[in-house]
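A.B. asks: Sharing a sequence plus its predicted fold:
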Amino acid sequence: MASNKKGGLNSFISSIIFILIIPAAPIFIEFIAEELEVKSLFLFASVYPITVCVSSRNSGVFSMAILLSLLFGFLYSIDEKLEITQGLISAAYYSIIGTCLVHIIERLKYHIIDGNAFFKF
């Protein structure tokens, strides 16, 4: 019986496009078109980890995404009452970049090493 796994580089690239790049497109457009507002950054930093890590096969990664989402969701809700420092803004960027890097590593293992397909067709 032949295996139906069709993973590899094509599945990896597809997963990066559909899981990482497309959900981030609006924030990238805002970043390029004009100055990115702190409120938009915090909103994105609160939603993006869950958007990305919902497809994770690792409960620790998913749990970390929940914590990041709660933290930046809290910052989003109180940003007008809190003096936003460059450190908090940097933390949001690091959170987004870290989420991407962790997911890329996980997708490398899942699609290239383990050979699992991204699309089932």
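C.D. replies: That came in fine, so what should we check first?
A.B. asks: From now on I want contacts and neighbour counts done on CA atoms only, so please keep to that.
C.D. replies: Fine.
A.B. asks: Tell me where the protein is predicted with low confidence.
C.D. replies: By pLDDT under 70, the low-scoring segments of the chain are 1-5, 79-81.
A.B. asks: which SS state does the residue lying closest to Asp114 once chain neighbours are set aside fall under?
C.D. replies: Excluding its sequence neighbours, the residue lying closest to Asp114 (CA to CA, 6 or more residues apart in numbering) is Gly7, at 7.6 Å. The three-state assignment at Gly7 reads coil, by DSSP: H, G, I helix; E, B strand; the rest coil.
A.B. asks: Could you pull up the residues touching Gly7?
C.D. replies: Residues counted as contacts of Gly7 (CA atoms under 8 Å, 6 or more residues apart in numbering) are His111, Ile112, Asp114, Gly115, Asn116, Ala117, Phe118.
A.B. asks: Any of these buried? List them.
C.D. replies: His111, Ile112, Gly115, Asn116, Ala117, Phe118 (16 or more other CA atoms under 10 Å).
A.B. asks: ok, these vs Ser15, which is closest?
C.D. replies: The nearest member of these to Ser15, counting by CA to CA, is Phe118 at 6.3 Å.
A.B. asks: What does the closest one show for phi and psi?
C.D. replies: Main-chain torsions, Phe118, degrees, to the nearest 10: phi -80, psi -50.
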